[in-house]
Each structure stands twice: as structure tokens, then as C-alpha cells.
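# Predicted model and sequence below, questions to follow.
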Amino acid sequence: MLEKVAESYLRKRLRFGIKLGLERITRMLEIAGRPQDSFLAIIVGGTNGKGSVSHILAKVLSEGGYKVGLYTSPHLISYRERIRVNGVPISERAFEELVRWADEIANKIEREEGFDAPTEFEILTLVACKHFADEGVRIAVMEVGLGGRYDATNALSPILSIITTIALDHTDRLGSTCIEIAKEKLGITRPHVPLITAEHKFNVLDLFRTHCCIHKIPLYVVGKEVLWRKLSASPEGICGNYTTWKGEYPQLSCSLGGEFQFPNLGCVVGAFELLREMDIHITEEALRNGSKKVKCFGRLDVLTREPLVVADGAHNPAAAYVLSRSLRTLFSYKRLGLVIGVMRDKDVHGILEALMPVADVAFVTQSRNERALEATKLKEIASRWGKPTYAFNSVLEAYEAARDWANRDDMICVTGSIYVLGELPEYQNITLSPI
């Protein structure tokens, strides 16, 4: 089974859809000998920011001398991007062998034990746990795929849980209000296991506090137990003064750009303090070096300068509004061209409502993902804002049209979905490099 065959196999598993529930992954992990018991796990959930937090935290731990697993989703180009040890993606050979191995376990529980067919994400979670065990990983940072309570990553027993923020997304599965969604995401918590959050909405925080009180969960809130003050913010990174219940970290820098990274870094600083209290020794130097060196593709990436091209994977209204603010406050340009494609199951109107007012022209498109909204339908919705709007059947065509339109002092923003970004030529040869 070559890597392309392994990836094709996983894509075929997508036909089974998203099946929330822990029974399949729990059983597969049992048959595999519980590889997750060989390492410590940190589970990172939330609507937005969890990918950034996962990458920063993994880099800090790696700089601290630990062998660190990082499991994230989705990917830009290759499934192998999702599974890394100290920033290095799983090798082609290991990926091929472990996907074949996981397929045998999946077939066993489906055909011999009567389980529903395991999903793509469940197979990948099993592969990640086995790879981390095989590589002797000490700590694994596991990013939640969807929700929390019934996500496959929640089959692990974390030493620390992080929930970044709560916003409306996946409302068909998680609930139609932030409170309903928060209840699902709180499923990754455990009694007596600390929880860090950057959530700030009063009603959601009240729910968090009540939940943590009932279940005896120590709660640490960015904005209370972890304070930060902005010093500078640019597309190239941020710098701020951070203060915790344990100490002060002046002029702490992070290489991920945008003001939205300040609370994300706050989650990492809180995790840094709690892990040290658990006798996981990490120096302040490791915190500073990891934050400064981290890479995370698809988060306010500046791809070219003339014209200025920025790519961001914003895929829900909350993330789109943050991106809109970043475009207005962090960049200088004459005109803005928006290249955008979204998934059918997203709040398309909400995403466009955030981004279309700041755009001068829109080049709407669709990725090759089977969940992509057709470009013609996206154009119909986007045209309501009265801006020139053009539809293209491929991301590359839309991107090339935008580049033909742009002058040297204009800006192009590519957004709407990680899957759209994954079809840009600038990403094709870099996503499997060490981070």
C-alpha cells in the first residue's frame, strides 16, 4: 500500500461521514493494546484557535527537551501533516504500514463484532496513537476534531484540557447556541484535571465555572489567572507582557501573527505553569524559544509581497470577523481582492457578512473537497453585497484571476476553508517540512 493508496483509502472512509461516539475508537485502541497509555496526553478543543494553541504548546514542549507528538486536523496537502513527532511528519513508510494495520483492526470490529464502520478520523486517531507509542513520545498534544464529548481524541485520558473559545460552528451536530456547543466541548474535561480556557463570554464562563465546581475541575481563565498586555502585533508575530498566578513573562513573543494570537498564547502560558506544577520541567527559555520559533500553516500567512497575498483558513463567522479586523488593522493596501470558497455545511452568509464589506472584488470558487459549496451558488449569495463577484470552478483559476487583477499595491486574501488554501501553489512543497 503506497502512501497515495493509503490516502485514497482514508478518503474513501469519508463516505461513512462523521459519527460522533467513542465506542469504535475505544474498542480499536483496546485491540491495539492501548498505545495511548504509553504517553501523557493534552487535549485541546474550542471553536477557533485550537490549532494555533496545539502548535505553540507542542513547540514549547519540544524546546524543553521532550519527545512530543502533535495530532491536528484538517490538513492542507497530505494526511501525514496531521501526525508529527517533534515537528517532523510521520514518514511515508510508517504511514503506509500503520494505515494498513489500522484497517485490519477496523475490519475486525466491523465484521466480527458488529460495530459500525470506523470513520476516517477514528482511523487517523488510532494511527497517531500507535505512531506516538512506537516513537517513544513522552507527551502528545491532541487537537479535537469536532466538538469534544464524542470526538475520537476524547478516548484518551488527558493530564490537562484546554478549550480556547466558543463560537457557532457545526450547529447541525453540536447545538444552535454557544451554551449548547460549550456543553459538548466541556466533554473533554475530567474530574481533578485542570482546564484552561480563553473564553470570555459571561454566560459561557458561568457554565464553565458551574461545570468545574460540580466535577472538581481546577479552572484557569485567560483574562483572570493569565493576564496579558499587548506590546505589538503584526502579520509576522505578536509580543506582549504576560502575568500568571506563578510569575511574570515580559516581552513574550510569538511568531504567529494577528492580535487573535494573544489569548491563544495565554492558554499556552497557563499550560506551561500547570505542567511545571505537575513536575514536567520546562524552562522559561523553552517557553520563549518555542513561542518564537513555532510555525502553523494557514493562519494569516503572508505568501507574497507584491502583490500582497495573505492566506487564512477562517471557516466560520467568528473566525471571519477576526480575519476582517486583521485585514483592516495589520496591512496597508489600496484595494482588496477576496478569493473565497466554503463548505456547504458552514454558515456561508455569516462568513460573507464578515468579509464582503472589506473587499473591493470577490473571486468565489470551490475546492476539490466533496463538501465544497458550488462556486455558482456562492456567487449568488456573495453578489448580494453589490461588489464585483466572479465565479471559478477551481481554486487555481480564481487565484490566477485575482493575481491578474491585482496591482503591486493591492492585496489578495485567500480564505474560507483550509481545503481552499491547500490548492494554492505556494503550499505545495512546504507542508511536509519540519515545523
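That came through fine.
# Who are the packing partners of the lowest-mean-pLDDT helix or strand in the chain?
Every helix and strand in the chain was compared by mean pLDDT, DSSP states H and E; the lowest is helix 171-174, with a mean of 71. Using 3 or more Cβ pairs under 8 Å, 6 or more residues apart in numbering; DSSP states H and E as the contact test, the elements touching helix 171-174 are helix 178-185. No exception for glycine: its C-beta is placed from N, CA and C like everyone else's.
# what distance separates the helix it packs on from the centre of its chain?
Helix 178-185 has its C-alpha centroid displaced from the chain centroid by 18 Å (Cα atoms, centre = their mean, to the nearest Å).
# so where's the stretch 151-300 of the chain uncertain?
171 (pLDDT under 70).
# Please enumerate the helices of it.
Using DSSP state H, counting those that start in this stretch, the helices found in the stretch 151-300 of the chain span residues 171-174, 178-185, 202-214, 261-277, 284-293.
# what's the first-to-last distance across stretch 38-49?
27 Å (Cα to Cα, to the nearest Å).
# So what touches the biggest helix by length in the chain?
Ranked by residue count, the top helix of the chain under DSSP state H comes out as helix 92-111. For helix 92-111, contacts defined as Cβ atoms under 8 Å, 6 or more residues apart in numbering pick out 1-3, 5-6, 9-10, 24, 27-28, 31-32, 79-80, 83, 90, 115-118, 122-123, 126-127, 130-131, 134.
# Separate out the buried members of those.
3, 6, 9-10, 24, 27-28, 32, 79-80, 83, 90, 115, 117-118, 122-123, 126-127, 130-131 (16 or more other Cβ atoms under 10 Å).
# How about the contacts made by the residue nearest to Thr125 when sequence neighbours are not counted?
Leaving aside its sequence neighbours, Thr125 sits nearest to Ala152 (Cβ to Cβ, 6 or more residues apart in numbering; 4.1 Å). Ala152 is in contact with Leu22, Ile25, Thr119, Phe121, Glu122, Thr125, Gly145, counting by Cβ under 8 Å, 6+ apart.
# contacting residues for the last one?
Think Gly145. Contact analysis of Gly145 by Cβ under 8 Å, 6+ apart lists Ser73, Phe121, Thr125, Asp151, Ala152, Thr153.
# tell me, how many neighbours does Gly65 end up with?
For Gly65, the neighbour count with other Cβ atoms under 10 Å is 12.
# Now do the SS call for it.
Put simply, Gly65 is coil when judged by DSSP: H, G, I helix; E, B strand; the rest coil.
# Test my guess that it contacts Glu285.
No: applying Cβ atoms under 8 Å, one finds Gly65 not in contact with Glu285, separated by 10.8 Å.
# Now the common contact residues for those two.
Contacts common to Gly65 and Glu285, judged by Cβ under 8 Å, 6+ apart, are absent.
# Of the buried ones among the contacts of helix 92-111, which belong to strands?
Using DSSP state E, the subset of the buried ones among the contacts of helix 92-111 located in strands is Ile83.
# Walk me through the domains of the chain.
What automatic domain parsing lists as the domains of the chain is 3-293, 301-427.
# Mark which of the contacts of helix 92-111 are part of helices, please.
Those of the contacts of helix 92-111 lying in helices (DSSP H): 3, 5-6, 9-10, 24, 27-28, 31, 122-123, 126-127, 130-131, 134.
# so is Arg384 in a helix, a strand, or just coil?
Per three-state DSSP, Arg384 ends up helix.
# Now render the contacts of Gly145 as TSV, adding distance to Phe208.
TSV is the format used below for those (distance: Cβ to Cβ, whole Å):
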residue	distance to Phe208
Ser73	24
Phe121	26
Thr125	26
Asp151	18
Ala152	23
Thr153	19
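# follow-up on the earlier one: buried ones in the longest helix of the chain?
Ala94, Phe95, Glu96, Glu97, Leu98, Val99, Ala102, Asp103, Ile105, Ala106, Ile109.
# Out of these, flag the one nearest to Glu199.
Ala102 (34.2 Å; Cβ to Cβ).
# how about the nearest residue to the residue most central in space within the chain, chain neighbours excluded?
In the chain, the C-alpha nearest the mean C-alpha coordinate belongs to Gly51, at 2.9 Å (Cα atoms, centre = their mean). Closest residue to Gly51 apart from its sequence neighbours, by Cβ to Cβ, 6+ apart: Thr72 at 5.7 Å.
# hang on, the earlier thing: out of the domains of the chain, flag the one nearest Ser433.
Using Cβ to Cβ, these put domain 3-293 closest to Ser433, at 8.4 Å.
# how much distance is there from the closest one to the middle of the chain?
The answer for domain 3-293 is 8 Å, by Cα atoms, centre = their mean.
# Grab the two from the ones in helices among the contacts of helix 92-111 that are most spread out in space.
Maximum distance among the ones in helices among the contacts of helix 92-111 (Cβ to Cβ): 26.9 Å, for Glu3 and Arg27.
# So the most far-flung residue of the chain relative to its centre versus Glu122, what's the distance?
Largest separation from the mean C-alpha position in the chain: Glu112, at 34.9 Å (Cα atoms, centre = their mean). Applying Cβ to Cβ, to the nearest Å, the value for Glu112 to Glu122 is 17 Å.
# cool, and Leu70?
18 Å.
# now swap in Gly65 and tell me
The gap separating Gly65 from Glu122 is 32 Å, by Cβ to Cβ.
# Pretty sure Val322 is one of the things Phe260 touches, is it not?
Yes: at 4.8 Å, Phe260 and Val322 qualify as touching, with contact defined as Cβ under 8 Å.
# Mind listing the shared neighbours of the two?
Asn48.
# Tyr333 touches Ile412, doesn't it?
No: at 9.2 Å, Tyr333 does not count as touching Ile412 under the criterion of Cβ under 8 Å.
# what do these two both touch?
Common neighbours of Tyr333 and Ile412 (Cβ under 8 Å, 6+ apart) are Leu308.
# more crowded one of the two?
Using other Cβ under 10 Å as the criterion, Tyr333 and Ile412 rank with Ile412 on top: 24 against 18.
# For that one, give me its contacts.
Ile412 makes contact with Pro307, Leu308, Val309, Val310, Leu336, Gly337, Leu338, Val339, Tyr399, Ala402, Arg403, Ala406, according to Cβ under 8 Å, 6+ apart.
# How about the second one, nearest residue that isn't a chain neighbour?
What sits nearest to Leu308 in space, not counting adjacent residues and going by Cβ to Cβ, 6+ apart, is Met411, at 4.4 Å.
# Can you tell me how far that neighbour is from Ile196?
The value you get for Met411 to Ile196, if Cβ to Cβ is used, is 35 Å.
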